[in-house]
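For reference, the sequence and a predicted model appear below.
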Amino acid sequence: MRERTRENPSGVHFLRDRSVIAGLVRSAGVGPGDLVVEFGAGPGGITAALAGTGARVLAVERDEAFVRRLRRRFADGPVRVVQEDLRRVPLPRRPYAVVANLPFAVGTAALRRLLDGDAPLLGADLLVEWGFARRLTAAVPRDAGTAWWAARYELRIVRRVAPAAFSPAPRVAAAHLRIRPRAVDRRALRPLRAMLTAAYRRPGGTVAATLDAVVPRGRAHRLARSTGISPPAAAGTVTPEQWLALAVRAAAGDAGTGTGEQPARGRSGT
Ligand SMILES: C[S@@+](CC[C@H](N)C(=O)[O-])C[C@H]1O[C@@H](n2cnc3c(N)ncnc32)[C@H](O)[C@@H]1O
């Protein structure tokens, strides 16, 4: 978390509560042979717990003084320290987990980095600002970008973390946010993106009208009904899981069409 105040001009809140650190590491479930990336390692409290599991740790830290300290502290361990901005650091090509007490100011940028593309992310256990975690885990996200994440990843608040767990204590609570990839058929990604784009462009429009922008004419009603969604329902009431179910069906062509649904030419918005 990051919150600049007169008492804490750097705006950095270090995680002091060992049970919260243990909870993050336990939830990540990493061990020997695994690779775990830590964003914003700071003085290394979480880093040490991760190294203790036997996993290889890639500790990303921007601040030079912390980087020197981390390199001294973990000179002999399975920890590689890189001085980089987490928004730009090259991420591993092999599957990796992420654990971090994220600087509050870069929470969205960090999630974009992890969830927008096609990274071999096994999962992430993150401390983020409480309100941010609530927005990410809303049943119906308020923007298409968050819905894109929530459709492809399970986003869940594990616990609320009180300000007292940090030093100095921030003004607001944090959340342990657990992120795990869903098993998504890659063919569903294109229709999913198109559905979300259409739905969030006109959240007051019907599900049928949204699907009309993605699947061949005349198929929208059948597709909606095949997943148990009412065609006249407002697009703005559909959850990311439901959009994913629709996209999977559209891609597989099992809404009674016999073949995979093709995005209607020039209308999909992808
Ligand atoms: C909230 S502190 C967490 C420190 C430590 N992991 C802990 O839990 O006590 C965030 C850390 O991220 C670093 N940081 C801030 N912005 C960063 C960025 N853009 N890229 C990499 N590190 C960053 C800060 O220097 C700080 O050490």
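Received, thanks.

C-alpha from now on. contacts and neighbour counts both.
Fine.

so residue 121 makes contact with residue 96?
Yes: contact criterion C-alpha atoms under 8 Å: residue 121 and residue 96 qualify, at 5.4 Å.

Can you list the neighbours in contact with stretch 181-191?
121-123, 151-154, 214, 244, 247-252, 263, 268, 270 (C-alpha atoms under 8 Å, 6 or more residues apart in numbering).

Give me the neighbour count for residue 186.
Neighbour count for residue 186, taken as other C-alpha atoms under 10 Å: 9.

Give me the pLDDT value at it.
Per-residue pLDDT puts residue 186 at 92.

Likewise for residue 38?
So residue 38 comes in at 98 (pLDDT).

what about the residue of the chain most remote from its centre, which SS state?
For the chain, the residue at maximal distance from the C-alpha centroid (C-alpha atoms, centre = their mean) is residue 218, at 34.9 Å. Of the three states, residue 218 takes coil according to DSSP: H, G, I helix; E, B strand; the rest coil.

For it, give its distance to residue 226.
14 Å (C-alpha to C-alpha, to the nearest Å).

what's the answer for residue 252, then?
12 Å.

which bits of the stretch 1-150 of the chain sit near the ligand?
Taking C-alpha under 6 Å from any ligand atom, the part of the stretch 1-150 of the chain that reaches the ligand is made up of 1-2, 12-15, 40-46, 60-63, 84-87, 101-103.

Among those, the buried ones, what's the PyMOL command?
Buried members of those, defined by 16 or more other C-alpha atoms under 10 Å, are picked up in PyMOL with:
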select buried, resi 1+2+12+13+14+15+40+41+42+43+44+45+46+60+61+62+84+86+101+102+103
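
Among the residues of the stretch 1-150 of the chain next to the ligand, which ones are in helices?
Mapping those onto helices (DSSP state H) picks out 45-46.

Show me the residues of the stretch 1-150 of the chain next to the ligand that map onto strands.
14-15, 60-61, 101 (DSSP state E).

Looking at the stretch 51-200 of the chain, which residue is nearest the ligand?
residue 85 (3.5 Å; C-alpha to the nearest ligand atom).

give me phi/psi at the residue nearest to that residue when sequence neighbours are not counted?
Nearest residue to residue 85, sequence neighbours excluded (C-alpha to C-alpha, 6 or more residues apart in numbering): residue 62, at 5.3 Å. As for residue 62, its main-chain torsions (degrees, to the nearest 10) stand at phi -90, psi -30.

Check residue 143 too.
Residue 143 adopts backbone torsions of phi -140, psi 160, taken as degrees, to the nearest 10.

quick one: the helix or strand encompassing residue 107 to chain centroid distance?
Take DSSP states H and E as the rule and residue 107 turns out to sit in helix 107-115. Centroid separation between helix 107-115 and its chain, computed with C-alpha atoms, centre = their mean, to the nearest Å, is 7 Å.

Pull the most distant pair out of the ones in strands among the residues of the stretch 1-150 of the chain next to the ligand.
15 and 60 (16.3 Å; C-alpha to C-alpha).

three-state assignment of residue 164?
helix.

Give me the neighbour count for it.
With other C-alpha under 10 Å as criterion, residue 164 counts 15.

Also residue 96?
For residue 96, using other C-alpha under 10 Å, the count is 21.

Which parts of the protein are strands?
Under DSSP E, the chain gives strands at 14-15, 35-39, 56-61, 79-83, 96-101, 121-129, 153-161, 166-167, 174-181.

Please work out which residues outside the fourth one touch it.
To tie it back to what came earlier, the one meant is strand 79-83. Against strand 79-83 from outside (C-alpha under 8 Å, 6+ apart): 47, 51, 56-64, 67, 70-71.

Just the buried ones among those residues, please.
47, 51, 56-62, 67, 70-71.

Looking at those, spot the one nearest residue 232.
Closest to residue 232, out of all of the buried ones among the contacts of strand 79-83 and judged by C-alpha to C-alpha, is residue 60, at 48.1 Å.

now the stretch 1-150 of the chain, which segments are flagged as low pLDDT?
Per-residue confidence for the stretch 1-150 of the chain (pLDDT under 70) gives these ranges: 1-11.
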